[in-house]
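Chemist: Let me see the structure of the following:
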Amino acid sequence: MTELQCPSCAEPVAPADRFCEGCGTDLLVHRTPVGGPAGPIAAPDRECVACGATEIGADGFCERCGRGQPTGRDRMEYDLGVVAGVGDRGRHRSRNEDSMAFARIGPEDDPRAVVAVVCDGVASTERADQASQAAADAAIDVLASAALEDEADLGAATRAAVDAAVAQVSELTSREPPGSSPSCTFVSAAVTPRGVTVGWVGDSRAYWLSSRAPSRRLTLDDTVAAQLVAAGMDADEASRVFHAHALSSWIGADAGDVSPHVVSFQPDGPGAVLLCSDGLWNYLPEADDLAAKLPAGGVRPLTAAAELTGTALELGGHDNITVVVISYPLRSPR
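Modeler: Model (predicted):
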């Protein structure tokens, strides 16, 4: 019989152990690092990429010209087998203000659940990158805790995760004006053998992608244009109104009461759940077009996420791009 070992310190562990007695590692919940898969580049005397000044503030902005500096977030990749994500700054943004967090509950070859969150920092607000990461980390903790329970109410957990995200982002707001509240969008998925629960606030999206059954978008954008379409306006006409793509709901201290949308469904065959920021869907908004870009011969989440991110870069990469892919059923492709 093969001896079980802690993945962090290699100490022997028992099948019933929740935590490693040697280092304290959680043996059941495997997740992206707090703060994101990559951190800031440690170079306190670095020069500004725009003006050459060395006065770079702790928030990553040049104190002379105000330009955001590149960080270790410019390209993020993380792989947990059944779920993987890729984030990229894109070709035209000075920094990556998207964030992702995800977790696998249980062993890689037989997970009991996967939870994931993608947040897109609102670029017109202060510390948008911090807002998106704070929201993602707070939400994934709530979702992962709920997924540990048998027969958990994942719809209620999704709403609680959004509440936690709102609380964390609100704490980032400066108490001294002038300034704007750090803000972000939110989309999450909780996937179990029983089905998929998706929640969202803003215009980050979730899709169901399949080569054997119809693919479809699972979310409806919280934008002015989407509200007008829902009220009966033609989609083309709505897209041309002033501020058509402005958010009608978001996460931030100035967002008022945030009520997330939550939907659940049971896939009728194999496929993948895709979470993404608008850096991807602005180029490929239709579910069938996204499904057509998936690698042939089945979905390996990391390969799929990298392929879709690469497609967005090839098509222009005008915004930050974040893609998280969860294979369904929950079987590791390795």
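
Chemist: Now do the helices in the stretch 101-250 of the chain.
Modeler: 128-147, 154-170, 224-230, 235-238 (DSSP state H, counting those that start in this stretch).

Chemist: Please convert those helices to a markdown table, extending it with mean neighbour count and mean pLDDT.
Modeler: Backbone N, C-alpha and C define where each C-beta goes, glycine included. Output for the helices of the stretch 101-250 of the chain, formatted as a markdown table (neighbours: other CB atoms under 10 Å; pLDDT from 0 to 100):
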| stretch | mean neighbour count | mean pLDDT |
| --- | --- | --- |
| helix 128-147 | 25 | 96 |
| helix 154-170 | 22 | 97 |
| helix 224-230 | 17 | 75 |
| helix 235-238 | 12 | 72 |
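
Chemist: what's the domain layout of this protein?
Modeler: 1-28, 32-38+61-328 (automatic domain parsing).

Chemist: Of those, which stretch is the most buried?
Modeler: Using mean count of other CB atoms under 10 Å, the stretch among those with the largest mean neighbour count is domain 32-38+61-328, at a mean of 20.

Chemist: rewinding a little: as CSV, the domains of the chain with distance to residue 52 would be great.
Modeler: What follows is those, written out as CSV (distance: least, CB to CB, whole Å):
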stretch, distance to residue 52
domain 1-28, 42
domain 32-38+61-328, 9
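
Chemist: Residue 54: which of the ones you listed is closest?
Modeler: domain 32-38+61-328 (9.1 Å; CB to CB).

Chemist: The closest one spans what distance, first to last residue?
Modeler: 20 Å (CA to CA, to the nearest Å).

Chemist: how far is it from where the chain is centred?
Modeler: Relative to the centre of its chain, domain 32-38+61-328 is centred 4 Å away, using CA atoms, centre = their mean, to the nearest Å.

Chemist: circling back to that earlier point, how about JSON lines for the helices of the stretch 101-250 of the chain, with distance to residue 111 added?
Modeler: Below are these laid out as JSON lines (distance: least, CB to CB, whole Å):
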{"stretch": "helix 128-147", "distance to residue 111": "10"}
{"stretch": "helix 154-170", "distance to residue 111": "15"}
{"stretch": "helix 224-230", "distance to residue 111": "34"}
{"stretch": "helix 235-238", "distance to residue 111": "39"}
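
Chemist: Show me the one of the ones you listed that comes nearest residue 319.
Modeler: Nearest to residue 319, of these and by CB to CB, is helix 128-147 at 12.2 Å.

Chemist: between the closest one and helix 154-170, how many degrees?
Modeler: For helix 128-147 against helix 154-170, the angle by axes from the mean of the first three to the mean of the last three CA atoms, to 10 degrees is 150 degrees.

Chemist: tell me the SS of residue 283?
Modeler: Under the three-state scheme (DSSP: H, G, I helix; E, B strand; the rest coil), residue 283 adopts coil.

Chemist: Report the contact partners of it.
Modeler: Taking CB atoms under 8 Å, 6 or more residues apart in numbering, we find residue 283 in contact with 311-312, 315-316.

Chemist: Then residue 120?
Modeler: Contact analysis of residue 120 by CB under 8 Å, 6+ apart lists 97-98, 132, 184-185, 202-204, 277-279, 320, 322.

Chemist: In space, what's closest to the residue nearest to the spatial centre of the chain - neighbours in sequence excluded?
Modeler: Centroid check for the chain by CA atoms, centre = their mean gives residue 118 as the closest residue, at 1.5 Å. Among residues not flanking residue 118 along the chain, residue 275 sits closest, at 4.4 Å (CB to CB, 6 or more residues apart in numbering).

Chemist: Tell me the bridge partners for that neighbour.
Modeler: residue 206, residue 324 (DSSP bridges).

Chemist: quick one: pLDDT of it?
Modeler: Among the per-residue scores, residue 275 holds a pLDDT of 98.
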